[in-house]
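> no sequence for this one, just the structure:
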């Protein structure tokens, strides 16, 4: 028996918001880059890397396996360093705001708590997006 299109539409309408709510709230496309702070491709790589680090930390927290947590925290630390390197060529006055954001994320990873690390990666991703968009 074929499903009724109206019934199918109602079912889809009821489950799609739940699916969307389960996804990360941050967009996965790079922010506008009107001042060309860094090349768009590098900014996209930064954005994706921070998203990946946050996801790995969250999965490690959910899993609870200590070796997986250590691996995810290490990946988070490495991510912060690699993202920091992208902004190294900025003048000192512009780089300061990024450096403050990187230091906060590093501090969150110090305790080894993967949930705090995941939140720190998400916060860092949002801060980088905002700084780039403002051109600072």
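Received it, and whenever you're ready, just let me know what you need. Predicted model, so just to flag it, every value in this text is computed and none were measured.
> and the gap between residue 92 and residue 133?
21 Å (C-beta to C-beta, to the nearest Å). Heads up, the C-betas are built off the backbone N, CA and C, glycines and all.
> what bits of this protein have low per-residue confidence?
Counting by pLDDT under 70, the chain contains low-confidence ranges at 1-37, 39-40, 136.
> ok now do residue 60, which residues does it touch?
68-69, 71-73, 114 (C-beta atoms under 8 Å, 6 or more residues apart in numbering).
> Ok, residue 108 next?
116-117, 119-120.
> run the last query once more with 7 Å
Applying C-beta atoms under 7 Å, 6 or more residues apart in numbering to residue 108 gives the contacts 116-117, 120.
> these two touch, right, residue 46 and residue 125?
No - judged on C-beta atoms under 7 Å, residue 46 makes no contact with residue 125 at a distance of 8.3 Å.
> Okay, buried residues for the longest helix belonging to the chain please.
If you go by DSSP state H, the chain has its longest helix at helix 40-63. Residues of helix 40-63 classed as buried under the neighbour-count rule (16 or more other C-beta atoms under 10 Å) are 42-47, 49-51, 53-54, 56-58, 60-61.
> repeat for stretch 114-122
114, 116-122.
> what would these look like in CSV with distance to residue 79?
Formatted as CSV, the buried residues of stretch 114-122 follow (distance: C-beta to C-beta, whole Å):
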residue, distance to residue 79
114, 13
116, 15
117, 10
118, 12
119, 14
120, 11
121, 7
122, 12
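> Return the closest of those residues with respect to residue 38.
residue 121 (18.5 Å; C-beta to C-beta).
> nearest residue to residue 127 other than its sequence neighbours?
Spatial nearest neighbour of residue 127, chain neighbours left out: residue 101 (4.2 Å); criterion: C-beta to C-beta, 6 or more residues apart in numbering.
> Isn't residue 87 up against residue 94?
No - the criterion here is C-beta under 7 Å, and residue 87 misses it with residue 94 at 8.2 Å.
> Which residue of these two possesses the greater neighbour count?
residue 87 (22 against 15; other C-beta atoms under 10 Å).
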